[in-house]
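Chemist: 3D, please:
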Amino acid sequence: MSFLVGLLLLLGMREEECFWSFTALLKTKQLAGLYQGTLPLLHLRLYQLDRLIELRLPKLFSHFKEEFVTPLLFASEWFSTLYCYGFALPTTLRIWDLFLLTGPTFLLKTALALLVCSQQALLALQFDEMMAYFKKIGCIVRCEELIDTALSITLTEKDLEELDKEYQSPYSASWIESHAQ
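Modeler: Numbering: from 1, shown residues only. Okay, here's the model as predicted:
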C-alpha cells in the first residue's frame, strides 16, 4: 500500500487528497482484497496468472515447473504495488493510465506482457538467474514494447470470471495450499 500512496504523493497530491484518492482507488477498482487479512485478491490474481501462463505460454510454464518457479515468487510484488516497485516512473504511469481506463484486467495483461517480452530470456535461465532477472525486469523490458504487447493481449472480464470460478472450485484447493506457504 505504501508504494501506491507514495506514488500519489509523488504526483503532487496533498495528504488528504492522497487519502481520498487511495480510498476511491480501493473501492472503484476493487483492490481492497490485495491488502485484506489473507490477501484473497492477491491469491486469486496469482492463480489466474499461473493458469494464463499454462494456457498461453506453455513452454514457459513447463520451464517454470522444471525450475520450481511460481507467480508467487515474482508477480506478488507486481500486483501488490500495481507496478510501482521496480519499474521506471514513466512505465508505471503508463500502466496506471491504462489500468484506470480499462480496469483490473489490464494488470494481468501487463504481467502476461512482461512474460511474453521476456520469454526467450527466461527459457535460458535457471532458478537463481530467473529470480535476479525478475528483480530488474521493469528496467529490461522497454515501456513501449510492454504497453504494445499488453494491449495486443486478448483477455476479457469473462475470461477472468471463468478463472475465478475455477479458483473457487474444490479442485483448486491443492493449488491454493501449495502456493500459500
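
Chemist: which residue is the nearest non-sequential neighbour of the most centrally placed residue in the chain?
Modeler: Taking C-alpha atoms, centre = their mean, the centroid of the chain lies closest to F79, which sits 4.0 Å from it. In space, and not counting its chain neighbours, F79 is closest to R45: 5.0 Å by C-beta to C-beta, 6 or more residues apart in numbering. Where C-beta positions appear, they are placed from N, C-alpha and C, glycine not excepted.

Chemist: for that neighbour, report the pLDDT, please.
Modeler: Per-residue confidence at R45 stands at 93 (pLDDT).

Chemist: cool, and V5?
Modeler: 59.

Chemist: repeat that for G138.
Modeler: 94.

Chemist: same thing with the one 3 residues further on?
Modeler: In this model, V141 is scored at 96, pLDDT.

Chemist: then M1?
Modeler: Per-residue confidence at M1 stands at 55 (pLDDT).

Chemist: the residue nearest to the centre of the chain is in what secondary structure piece?
Modeler: helix 71-80 (DSSP states H and E).

Chemist: which element follows that helix toward the C-terminus?
Modeler: Per DSSP H and E, the first helix or strand lying C-terminal to helix 71-80 is helix 89-102.

Chemist: give me the residues contacting that next one.
Modeler: Contact with helix 89-102 is made by 7, 10, 29, 82-84, 87, 106-107, 110, 138, 143, 146-147, 150-151, as judged by C-beta atoms under 8 Å, 6 or more residues apart in numbering.

Chemist: could you rerun that using 6 Å?
Modeler: By C-beta atoms under 6 Å, 6 or more residues apart in numbering, the residues outside helix 89-102 that reach it are Y83, C84, F106, L107, T110, C143, I147.

Chemist: okay, buried residues for it please.
Modeler: Of the residues in helix 89-102, T91, T92, L93, R94, I95, W96, L98, F99 count as buried by neighbour count, 16 or more other C-beta atoms under 10 Å.
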